[in-house]
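# Take a look and give me a structure for this.
(2 chains)
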There are 2 protein chains.
Amino acid sequence: MKHTPFQAGFTLGFIGGGQLARMSALQAFRFGMKVAVYATSKATEPVENMTPLVFRGSLNDERALADFALACDVITLENEFVDSAVLQRVIEKTGTPIYPTPASFAKIEDKLTEKDTFAAAGIPVAPHRSITSPSDIDTFGEEFGWPFLLKSAKGGYDGYGNATVRSGEDAVGAWSKLGGSDGRVVMAEAFVPFTTELAVMVARNQTGMVVYPCVESIQQDHICKEIIAPARVPQAIQVQAQELAKIAVEAIDGIGLFGFEFFLTHDNQLILNESAPRPHNSGHYTIEACHTCQFENHVRAVCGLPLGDPSMKVSSAAMINLLGLRNGKAEAVGTQDVLQQPGAHLHIYGKAETRTGRKMAHLTVTGDDVDATLTKARELAENIQI
Amino acid sequence: MKHTPFQAGFTLGFIGGGQLARMSALQAFRFGMKVAVYATSKATEPVENMTPLVFRGSLNDERALADFALACDVITLENEFVDSAVLQRVIEKTGTPIYPTPASFAKIEDKLTEKDTFAAAGIPVAPHRSITSPSDIDTFGEEFGWPFLLKSAKGGYDGYGNATVRSGEDAVGAWSKLGGSDGRVVMAEAFVPFTTELAVMVARNQTGMVVYPCVESIQQDHICKEIIAPARVPQAIQVQAQELAKIAVEAIDGIGLFGFEFFLTHDNQLILNESAPRPHNSGHYTIEACHTCQFENHVRAVCGLPLGDPSMKVSSAAMINLLGLRNGKAEAVGTQDVLQQPGAHLHIYGKAETRTGRKMAHLTVTGDDVDATLTKARELAENIQI
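Residues are numbered from 1 along each chain as shown, chains lettered A, B, ... in the order given. Predicted coordinates for the structure are as follows:
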């Protein structure tokens, strides 16, 4: 490193400039750091409005990534769709560290590898298998029952790249659509009936590991819609989810901030569903609800700083995602109530364009009673359109 | 305005890019806004590292200010040493509003005018008088007693431009040094013996006015060293200070965020000492201690948004300024403890160079008991050197 984290000029680089990088950058600024962004999309990414240090290129452009790395003291990513070999070469070429490390990314770089990594660490995951031909589909269905999920092993998020299949005929079409017939890796995953979805964030580096509370995640169309903190499940289950999350981070030797989503089954078993090697939507509530928010601990973790207290400083919190309701120039309207309500906090991501279903903003409400807090958050969110 | 505040592209401009603009910018970003800065110093100002929209010029360069104004939807200032006539012409030329308004600035544009404005509104201020010749000095000393203060009416802050004079001889030298003999306006102000210094922040715009708690300010060498919230004075005095602050904001028809410092005398009288038409050092504690911090309400106020709840969400808070201890490249060391202490929050301003006595960072600690919180904050601050 050319600078230590609290030395003037220290620059934290983000590969990807969306809302996760944006909220992390706010914490880096609080520590007096500079921020650089490597934008990968043609459109202006939110962090580009927050720094003069803007780079642009594809995730495979080693030369552009190396130029970016030379301008940074440490780099982190808000996007897990990277090639760990490319990142490793950028580190070797420039000497700039990247956290999480390419070695950690390699252990979760596609959904199949990810599930195998966590299963090998003793963490319960859903039955799954690689599907390389239509005949594999029937075999999987017969063994684990219908319906089940087909997922492209690489590149899917928020339900993109997922399909629920109900029959062999269904499945062959979905498999082709996901690229299976073109040789892309497609995975079958047994459907896990669950009562609740839970999530836990963990920050870890050489100085230690801190675990956030277990929260409840309410999804709609495969997108996180609401987070309720703490989760309305028995304490023993919350602790078990936290313990599994710690084991999972250790299994990939993770340095940075990591999110883990679990299914809680009808017989109170926890199944690890997905992991994210970055700040996660299910941790946005921590900005107002915890002593040290996920974004601050993300910055601390990748910069090698001691980690902060992750515990809640309020009794309860509810976070609601505000998704785009139309296509066009972004504008948040109906915000009068939320601005005037004590304990309500509006975060707008600075995206130029709204699209139906796009994550544009979120709202967090803190309060004493968890159900009342959720009700209040829902009422306030109702009025806001973006 | 070209954009409404929550519309993509809305740009908030700051004249001056120091720590007050920096912390305000963080709140603007939280609302998805863009930030532009008009830097007035040759050295890089902290906000220049937070935006690609950087302009540079003097405070009197109407043309450069107009170029800046055309890139902004609304402008605010972190520096009150402005010429209200210049600002008024920039508004007329560009149509971009500036808050606080030039009319408000005109009412406080030098210390003499400021005191007269507030005195006219019925707010107690210290006896004061313009000193235009050495003979005025003796007259003032005979009337109000020695020692007293000589202040340059314009441009002083944090004790710069102030002198305590103990005798006529003393005073003539100080008066010359402050520019009195060159025709600069110098003011004499009677020394007010006080037990405690108090401060109150107020946010106000067309949608309403909100008043922050009354806090206690501990100064050293005329610089704010510590803030204790709430102030350890009877409730009746806190409320009176809040009421006087509201009257003061109304007296200047203030739109934006304003800070007021009071002396509490031995006989429990409040005397308004200084005002600041901007976020203020005595309001930094609000970031962690209040439902809506001073910087967020500053952004809301100048953007015409409804104001947020200013009340405290913790029992007590202590803020300690971390001043430079040497001259050279800035680096904060000894931060391990503060990073690991629950309820302690470190803010570093991103200044490239440290200087002895320069405001480089601050630390806020929240807690239950006000004295214990202050003790903890002092212990943590002891370890940090910048």
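
# okay, residue A:179: pLDDT?
Each residue has a pLDDT score; the one for residue A:179 is 85.

# Who are the contact partners of it?
A:152, A:186 (Cβ atoms under 8 Å, 6 or more residues apart in numbering or on different chains). (C-beta placed from N, C-alpha, C; glycine too.)

# Let me see the mean pLDDT of the helix or strand residue A:139 falls within.
Using DSSP states H and E, residue A:139 sits within helix A:134-144. Averaged across helix A:134-144, pLDDT comes to 90.

# pLDDT score assigned to the residue positioned nearest the centre of chain A?
Against the mean C-alpha coordinate of chain A, by Cα atoms, centre = their mean, the closest residue is residue A:280 at 3.3 Å. For residue A:280, the model assigns a pLDDT of 96.

# list the contacts for it?
A:20, A:199, A:201, A:257, A:258, A:259, A:294.

# Give me the subset of the residues you listed that lies in strands.
A:199, A:201, A:257, A:258, A:259 (DSSP state E).

# Determine which two of those are furthest apart.
Comparing all pairs in the ones in strands among the contacts of residue A:280 by Cβ to Cβ, the longest separation belongs to A:199 and A:257, at 12.8 Å.

# Mutual contacts of these two, please.
Contacts common to residue A:199 and residue A:257, judged by Cβ under 8 Å, 6+ apart, are A:280, A:283.

# so is residue A:337 in a helix, a strand, or just coil?
Using DSSP: H, G, I helix; E, B strand; the rest coil, the structure places residue A:337 in helix.

# so it makes contact with residue A:381?
No. Using Cβ atoms under 8 Å, residue A:337 makes no contact with residue A:381, being 10.0 Å away.

# who has more neighbours, the two?
residue A:381 (23 against 14; other Cβ atoms under 10 Å in any protein chain shown).

# Now the more buried one: closest residue in space that isn't a chain neighbour?
Nearest residue to residue A:381 in three dimensions, chain neighbours excluded: residue A:320, at 4.3 Å (Cβ to Cβ, 6 or more residues apart in numbering or on different chains).

# Against residue A:377, how distant is the one you found?
5 Å (Cβ to Cβ, to the nearest Å).

# any common contacting residues for the two?
Taking Cβ under 8 Å, 6+ apart as the contact rule, residue A:320 and residue A:377 both touch A:226, A:363, A:364.

# between the residues you listed, which is closest to residue A:74?
Among the shared contacts of residue A:320 and residue A:377, residue A:364 lies closest to residue A:74 (Cβ to Cβ), at 28.2 Å.

# Verify the contact between that closest one and residue A:290 for me.
No. Here residue A:364 lies out of contact with residue A:290, judged by Cβ under 8 Å, at a distance of 11.0 Å.

# Next, count neighbours for residue A:43.
Neighbours of residue A:43 under the rule other Cβ under 10 Å: 9.

# Test for you: state the pLDDT assigned to it.
Per-residue pLDDT puts residue A:43 at 90.

# Now do the domain split for chain A, please.
Following automatic domain parsing, one finds the domains of chain A at A:11-98, A:127-190, A:194-382.

# Need the ones you listed in JSON lines (columns: distance to residue B:233).
Below are the domains of chain A laid out as JSON lines (distance: least, Cβ to Cβ, whole Å):
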{"stretch": "domain A:11-98", "distance to residue B:233": "31"}
{"stretch": "domain A:127-190", "distance to residue B:233": "53"}
{"stretch": "domain A:194-382", "distance to residue B:233": "25"}
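
# Lowest average confidence across these, which one?
Set side by side, the domains of chain A differ in mean pLDDT, and domain A:127-190 is lowest with a mean of 85.

# out of the ones in strands among the contacts of residue A:280, who's nearest residue B:177?
Nearest member of those to residue B:177, counting by Cβ to Cβ, is residue A:257, at 54.6 Å.

# Can you get me a residue count around the closest one?
Neighbours of residue A:257 (other Cβ under 10 Å): 34.

# And the strands in the stretch 1-150 of chain A?
A:11-15, A:34-39, A:53-56, A:74-77, A:128-131, A:148-152 (DSSP state E, counting those that start in this stretch).

# Taking the stretch 51-200 of chain A, what residue is nearest to chain B?
Nearest residue of the stretch 51-200 of chain A to chain B, counting by Cβ to the nearest Cβ: residue A:52, 4.9 Å away.

# Angles on the backbone of that residue, please.
phi -80, psi -10 (degrees, to the nearest 10).

# list the contacts for it?
B:48, B:49, B:51, B:52, B:54.

# I'd like to know which of these are buried.
Burial by neighbour count, 16 or more other Cβ atoms under 10 Å in any protein chain shown: within these this picks out B:48, B:49, B:51, B:54.

# In chain A, spot the helix with the most residues.
Counting by DSSP state H, the longest helix found in chain A is helix A:235-251.

# Test my guess that residue A:312 contacts residue A:292.
No. Assessed by Cβ under 8 Å, residue A:312 is found out of contact with residue A:292, at 11.0 Å.

# ok, residue A:251 to residue A:114 distance?
In terms of Cβ to Cβ, residue A:251 sits 10 Å off from residue A:114.

# Skipping adjacent residues, who's closest to residue A:83 in space?
What sits nearest to residue A:83 in space, not counting adjacent residues and going by Cβ to Cβ, 6+ apart, is residue A:60, at 6.3 Å.

# Excluding chain neighbours, give the residue nearest to residue A:314 in space.
Using Cβ to Cβ, 6+ apart and skipping residues adjacent in sequence, the residue nearest residue A:314 is residue A:366, 4.2 Å away.

# What's the first helix or strand after the helix or strand encompassing the one you found?
Assigned by DSSP H and E, residue A:366 belongs to strand A:359-367. Using DSSP H and E, the next helix or strand after strand A:359-367 towards the C-terminus is helix A:370-382.

# then stretch A:217-224 to CSV, C-alphas only?
Extracted C-alpha coordinates of stretch A:217-224, given in CSV (Å, rounded to 0.1, in the frame of the first residue of the first chain):
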residue,chain,number,x,y,z
SER,A,217,-36.2,-11.3,4.7
ILE,A,218,-39.5,-11.0,2.8
GLN,A,219,-39.0,-11.6,-0.9
GLN,A,220,-41.3,-10.9,-3.8
ASP,A,221,-40.6,-12.2,-7.3
HIS,A,222,-37.1,-13.3,-6.1
ILE,A,223,-36.2,-9.8,-5.0
CYS,A,224,-35.7,-8.7,-1.4
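
# And it, what's buried?
Neighbour-count burial for stretch A:217-224 flags A:217, A:223, A:224 (criterion: 16+ other Cβ under 10 Å).

# farthest pair in the contacts of residue A:280?
So, these by Cβ to Cβ: farthest apart are A:20 and A:199, at 14.7 Å.

# residue contacts, the closest residue to chain B within the stretch 151-300 of chain A?
Chain B sits closest to residue A:291 of the stretch 151-300 of chain A, with a gap of 5.0 Å, by Cβ to the nearest Cβ. Going by Cβ under 8 Å, 6+ apart, residue A:291 touches A:308, A:309, A:310, A:311, A:312, A:313, B:342, B:343.
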